[in-house]
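Student: Build me a model from this:
(2 chains)
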Amino acid sequence: MSVASRDGLTVLVRVWTSGAAISTVVLVFAGGLALVGALDLSALDRVGPALLETFLVLGVAGLLAVPLAASTAVGLDQVLPQGPVVRGLSRVLHAAEGIPSVIVGVVAATWVGLGAGIVVSGAVLGVWMVPSLVGEYRRALGAVKERERLAALALGATPLQVLVYVVGPAASRPLGAATLRGLARSAGLAAPLIVCAAGTTEPLAVVAVRAAAAGEVGVAATLAVALMGLVLGLRLLASAVDVDRSWRTR
Amino acid sequence: MRAGRLARTPGGRLAGGVVLLGTLVVVLALMAGLLTLVVQSIVDVAMLNVDWAVVGRAALGSVLLALGAGVIAGPIGAGMALWSRWLAPHLLRPVLSWGIQVLGDVPPVVFAVLVLAALGDLDRWVVTGLALTFVAVPAVARRCLEVLEEVQDEDLLRGVALGATPAQAVTHVALPRVGRSLVLGSFTGVARALGDTVIALILLEGHRGTLTAELATGFRDGALLGSGTLFLLALLATTLSVLAWVMAGRSR
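Tutor: Coordinates of the predicted model:
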């Protein structure tokens, strides 16, 4: 390849990448302005009850998903001997991350029937969260330095004590942040609840979908902005929890 | 093997068994539910108990919308990831990276309402395609960023030390290594658009839009198991996963 054509390629890559970034930023800002412009403030009274249901559903989802995902992650990373079983389970869990959420809702509705309440709706979101949470928890546990484990073992700690007193505290912040990110993703899920709850449980995302489908753009925009606020809030909280504070102990 | 594994102790083995059982129950329950539905759909197809006109329209809608969104979102997402990883000003890089992560968490309903508010007068299929593109771009960018983070900065620095500009180092050192993986990452956009339900439910209400929307409404109306929709959905998703898997194997 000649130098001239190489430089041409480099220019092309520069134009492509910066164009992509600029167009994304412009589109996001323009879309945000359109969303704010469509707000209907008289719909604010619908935000409160929907927000409460969102918190209740997320609470149930967290109660189910966090212990299940944590024990699975610890089991796969620390307890079970590495072999075909662990590799197979890891692959299945990784593949399950890509299952569309509506499918989980359909499976739940097949088993429990339509009209699921808050507990079943939360359980559906919880089951959907588990595979991605396991992946994030495993990364958090894997990030704990090997020398810290070895130091604890050298001081006479049992493997269980290493897990409880060394690995757990060292990974607590990333684990907390991963949980908050999982809850943020789940807060925006509407499809599985539309299928299995069929109108009995109506968190923010579901109410926003119903309003938008009914053509109430102003109401839907208000609910969507509230939902965005919730997701962004959880995300910011996750970033605050996960911030590196190791400088304090140096 | 990691130091201090609990599997070496008797209590650890017991805990391992319990964890394995718990995980297997959840995974198997999910798989059994999926399998039941897929088998039921195959039976429906075999018994000619399917309204192919409805399913065909929904499948065509799904594929066309997902491909359209993927074709636009692929280059934009991959370009965005490349720029924010190496080519953007240093101060902007962490902000852009965080922005990509946050954008990926924005619920699809927000994008649907946003596009509806801005371009509600346009053709519904165009509006749906645009909303799906909005959803697919951060998914592609996020996956491509993960791929790009595997390339060591030192490799690029070697190129720069030999006289290349930073952009040339990216083009001639990094891109040849991750090019295939970037293409694979772009498929994430198609898969993400294919799996989305809410946008088509909102924007194509009453148009027999996509497979997932058909699945949600069909199930709600008690007409799912005769439609064979899930069968086609599973087939499409499997085909896409296999394609991605084969490409991943080649890129390795």
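Student: longest helix anywhere in chain A?
Tutor: Across chain A, the helix with the greatest residue count (assigned by DSSP state H) is helix A:3-37.
Student: what helices or strands is the next helix or strand after it leaning on?
Tutor: With elements assigned by DSSP states H and E, the helix or strand that comes after helix A:3-37 is helix A:47-74. When contacts are defined as 3 or more C-beta pairs under 8 Å, 6 or more residues apart in numbering or on different chains; DSSP states H and E, helix A:47-74 packs onto helix A:118-142, helix A:168-187, helix A:204-213, helix A:217-241, helix B:10-46. The way it works is simple: take the backbone N, C-alpha and C, and place the C-beta from them, glycine included.
Student: Please compute how far helix A:47-74 lies from its chain's middle.
Tutor: Centroid separation for helix A:47-74 versus its chain: 11 Å, with C-alpha atoms, centre = their mean, to the nearest Å.
Student: Just the buried residues of it, please?
Tutor: Residues of helix A:47-74 classed as buried: A:47, A:50-51, A:53-54, A:56-58, A:60-62, A:64-66, A:68-74 (neighbour count, 16 or more other C-beta atoms under 10 Å in any protein chain shown).
Student: What segments of the stretch 51-200 of chain B are helices?
Tutor: Using DSSP state H, counting those that start in this stretch, the helices of the stretch 51-200 of chain B run over B:52-82, B:92-105, B:108-119, B:124-148, B:153-161, B:166-169, B:175-195, B:198-203.
Student: Residue 119: neighbour count?
Tutor: As the question left the chain open, I've gone with chain A. 14 (other C-beta atoms under 10 Å in any protein chain shown).
Student: should've been chain B
Tutor: Per other C-beta under 10 Å, the neighbour tally for B:Leu119 reads 15.
Student: Contact partners for the closest residue to it other than its chain neighbours?
Tutor: The shortest distance from B:Leu119 to any residue other than its chain neighbours is 5.5 Å, reached at B:Val127 (C-beta to C-beta, 6 or more residues apart in numbering or on different chains). Residues counted as contacts of B:Val127 (C-beta atoms under 8 Å, 6 or more residues apart in numbering or on different chains) are B:Val115, B:Leu116, B:Leu119, B:Gly120, B:Leu203.
Student: Just the buried ones among these, please.
Tutor: Applying 16+ other C-beta under 10 Å to the contacts of B:Val127, the neighbour count classes B:Val115, B:Leu116, B:Leu203 as buried.
Student: Skipping its backbone neighbours, what lies nearest the last one in space?
Tutor: Of all residues beyond its chain neighbours, the one nearest B:Leu203 is B:Thr128 (4.4 Å), with distances taken as C-beta to C-beta, 6+ apart.
Student: Same check on B:Ile76?
Tutor: Taking C-beta to C-beta, 6+ apart as the measure, B:Ile76 lies nearest to A:Ala20, with 4.5 Å between them; neighbours along the chain are not counted.
Student: what residues are up against the one you found?
Tutor: Taking C-beta under 8 Å, 6+ apart as the definition of contact, the neighbours of A:Ala20 are B:Pro75, B:Ile76, B:Gly77, B:Ala78, B:Gly79, B:Met80, B:Trp83.
Student: Just give the nearest non-adjacent residue to the last one, would you?
Tutor: In this case it means B:Trp83. Closest residue in space to B:Trp83, ignoring its immediate chain neighbours: A:Thr17 at 3.8 Å, by C-beta to C-beta, 6+ apart.
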